[in-house]
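Visitor: The following block contains a protein sequence and its predicted model.
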Amino acid sequence: MIQTSPPGLAPLDHPPHEGEGPPPPATHAEASRQRRDIVSGEVMEEDRLIRFVAGPDGQVIPDLARKLPGRGMWTAATREAVATAAKKNLFSRSAKAKLLAAADLADHVESLLRNRLLSGLGLARKAGALTCGFEAVREALATGRVRFLVEAFDGASDGRRKVLALVRNSPQPVTIVGVFSQAEMGLALGLENVVHTALLAGRSTERWVVDIDRLAGFRPLFPETWLSPGP
């Protein structure tokens, strides 16, 4: 079963009635994980947002790990939200100080997210939560434990078609990710000729889930042509 949108982005089974807002936080801890998007004004969970801080030189700096000191400024994790905040000077308004946001800030955030995801692949391999190679991926898909199929976008199309056919028969939904090259994946994993990779469900991949959700707001996770029938 192919999942074309990452976990967390699927529509609600029972959307709220018109006029209803999100339910109030149940606990103080839950409330502390919610922030307001400076573009829309909507209050969201931190995992759906990008945090920014003001650097020493007044530049707006993305803080994807949410660990840098200073007052945070938050936008929805989408290209449109980050670009709008930069273009309309909303960071300065939020900080009540003159700040400089680069015109390509959204591109920079996307690049940082990709780097975090690549780093996450390496960590998952060390934790035993990642397998690669056609045969290993085929066996993992048959078990229903695969959460993400990570395919090199510059891999051979015939091999990709075979793997995607296996995904369609997976007993559990699998999210397809095709944003990295063979060279990028090989460098992250310390291997050569990496094309097919399966990331298994489990605690060690939780950060990956969050970051892939956020990356999906900046670019498609794979070309739509991958789901087209082959010749």
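Guide: Good, I have the coordinates. Numbering: from 1, shown residues only.
Visitor: just checking, Asp213 touches Glu46?
Guide: No: using Cβ atoms under 8 Å, Asp213 is not in contact with Glu46, being 11.8 Å away. C-beta: built from backbone N, CA, C; applies to glycine.
Visitor: Compare neighbour counts for these two and give me the winner.
Guide: When Asp213 and Glu46 are compared for neighbours, Asp213 comes out ahead with 19 against 16, by other Cβ atoms under 10 Å.
Visitor: pretty sure the more buried one belongs to a helix, no?
Guide: Yes: secondary structure of Asp213 (DSSP: H, G, I helix; E, B strand; the rest coil): part of a helix.
Visitor: Going along the chain, name the strands of the protein.
Guide: Counting by DSSP state E, one finds strands in the chain at the ranges 2-3, 34-36, 43-45, 49-54, 60-62, 73-76, 130-132, 146-151, 174-177, 196-200.
Visitor: Rebuild these as a markdown table, extending it with mean pLDDT and mean neighbour count.
Guide: A markdown table is the format used below for the strands of the chain (pLDDT from 0 to 100; neighbours: other Cβ atoms under 10 Å):
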| stretch | mean pLDDT | mean neighbour count |
| --- | --- | --- |
| strand 2-3 | 60 | 16 |
| strand 34-36 | 95 | 17 |
| strand 43-45 | 96 | 16 |
| strand 49-54 | 97 | 24 |
| strand 60-62 | 97 | 20 |
| strand 73-76 | 98 | 26 |
| strand 130-132 | 95 | 22 |
| strand 146-151 | 96 | 26 |
| strand 174-177 | 95 | 22 |
| strand 196-200 | 96 | 25 |
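Visitor: Columns distance to Trp208 on top of these, output as a markdown table?
Guide: Converted to a markdown table, those look like this (distance: least, Cβ to Cβ, whole Å):
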| stretch | distance to Trp208 |
| --- | --- |
| strand 2-3 | 14 |
| strand 34-36 | 22 |
| strand 43-45 | 17 |
| strand 49-54 | 17 |
| strand 60-62 | 18 |
| strand 73-76 | 20 |
| strand 130-132 | 10 |
| strand 146-151 | 7 |
| strand 174-177 | 9 |
| strand 196-200 | 6 |
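Visitor: of all those, which lies closest to Arg116?
Guide: Between Arg116 and the strands of the chain, the shortest separation by Cβ to Cβ is 10.7 Å, and it involves strand 60-62.
Visitor: where in this protein is pLDDT low?
Guide: Scanning the chain with the threshold set as pLDDT under 70 gives 1-32, 229-231.
Visitor: Kindly recompute the last result at 50.
Guide: In the predicted model, the chain carries pLDDT under 50 at residues 7-31.
Visitor: tell me the centre residue of it?
Guide: By Cα atoms, centre = their mean, the chain has its centre lying nearest to Ile212, at 1.7 Å.
Visitor: Neighbours of Leu141, how many?
Guide: Neighbours of Leu141 using other Cβ under 10 Å come to 22.
Visitor: scratch that, Gly70
Guide: Applying other Cβ under 10 Å, we find 14 residues neighbouring Gly70.
Visitor: Let the chain start at 30 from now.
Guide: I'll keep to 30 as the first residue from here, and by that count the last item is Gly99.
Visitor: No further questions, thank you.
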